[in-house]
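A.B. asks: I would like to see how this sequence folds:
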Amino acid sequence: MSTRFKELRPYEAWEVPIVYWQALVPVSGMVSAFLTALTLSVAYYHKRWMLGIGGAALFLILPLVISMLWIKISGRSLMYPMIVVGLLGIFGLQAVHRMISGPRWEDPLDKELLSMMEESDSNFTWVDRVTWLCFAGGAIVLLILLVR
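C.D. replies: Numbering: from 1, shown residues only. Model (predicted):
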């Protein structure tokens, strides 16, 4: 890597060359270990061991399979699929946990807080709205540059 970091374009600076995929393969093992431990924790909490063993087996194999497919079909870094697999695994386990847990009991304070939020007016001025619009626009531009 003889190119200086300051001379790279923004989307090039975020790219890890395909040469370094061997160093990033252990990341799939880390994601796999984390999701497997999280799955077994949810299974222990709900006493649903068969569901937990099936989920653990899935999360033990899934990151490795996805990283191998990603290496074959893409020249981009392995960071992207591992971040997506990790986030989807966490959100999926959260959904399963909520589904198994069933409905929550209702707290009267929650209803009072919701009614107070509905009654209060928004105190956003035009400056606040423009500021948040600029932040959102900047984030979208950064994502476009990153994908490019």
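A.B. asks: ok, the residue nearest to the spatial centre of the chain - contacts?
C.D. replies: Residue closest to the average C-alpha location in the chain (Cα atoms, centre = their mean): L87, at 2.8 Å. By Cβ atoms under 8 Å, 6 or more residues apart in numbering, L87 lies in contact with nothing. Bear in mind the C-beta positions are built from the backbone N, C-alpha and C, glycine included.
A.B. asks: Flag every buried residue along the one helix or strand it maps to.
C.D. replies: Assignment of secondary structure by DSSP states H and E places L87 within helix 79-101. Within helix 79-101, the residues that qualify as buried are P81, M82, V85, G86, G89, L93, V96, counting by 16 or more other Cβ atoms under 10 Å.
A.B. asks: what comes up buried for stretch 62-77?
C.D. replies: L62, P63, I66, S67, W70, I71, R76, S77.
A.B. asks: Looking at the buried residues of helix 79-101, which is nearest S41?
C.D. replies: L93 (9.0 Å; Cβ to Cβ).
A.B. asks: Find the least confident helix or strand in the protein, judged by mean pLDDT.
C.D. replies: helix 10-13 (a mean of 64; mean pLDDT, DSSP states H and E).
A.B. asks: ok, back up a step: just the C-alphas of the helix holding L87, formatted as CSV.
C.D. replies: C-alpha atoms of helix 79-101 as CSV (Å, rounded to 0.1, in the frame of the first residue of the first chain):
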residue,chain,number,x,y,z
MET,A,79,-16.6,-6.4,7.0
TYR,A,80,-19.9,-5.7,5.2
PRO,A,81,-21.5,-9.2,5.3
MET,A,82,-20.3,-9.8,8.9
ILE,A,83,-21.8,-6.6,10.1
VAL,A,84,-25.1,-7.4,8.3
VAL,A,85,-25.2,-11.0,9.6
GLY,A,86,-24.4,-9.8,13.2
LEU,A,87,-27.2,-7.2,13.1
LEU,A,88,-29.7,-9.4,11.5
GLY,A,89,-28.9,-12.2,14.0
ILE,A,90,-29.3,-9.8,16.9
PHE,A,91,-32.6,-8.4,15.6
GLY,A,92,-33.9,-11.9,14.7
LEU,A,93,-33.1,-13.2,18.2
GLN,A,94,-34.8,-10.2,19.7
ALA,A,95,-37.9,-11.0,17.7
VAL,A,96,-37.9,-14.6,18.7
HIS,A,97,-37.4,-13.6,22.3
ARG,A,98,-40.4,-11.2,22.2
MET,A,99,-42.5,-13.8,20.4
ILE,A,100,-41.8,-16.5,23.0
SER,A,101,-42.2,-14.1,25.9
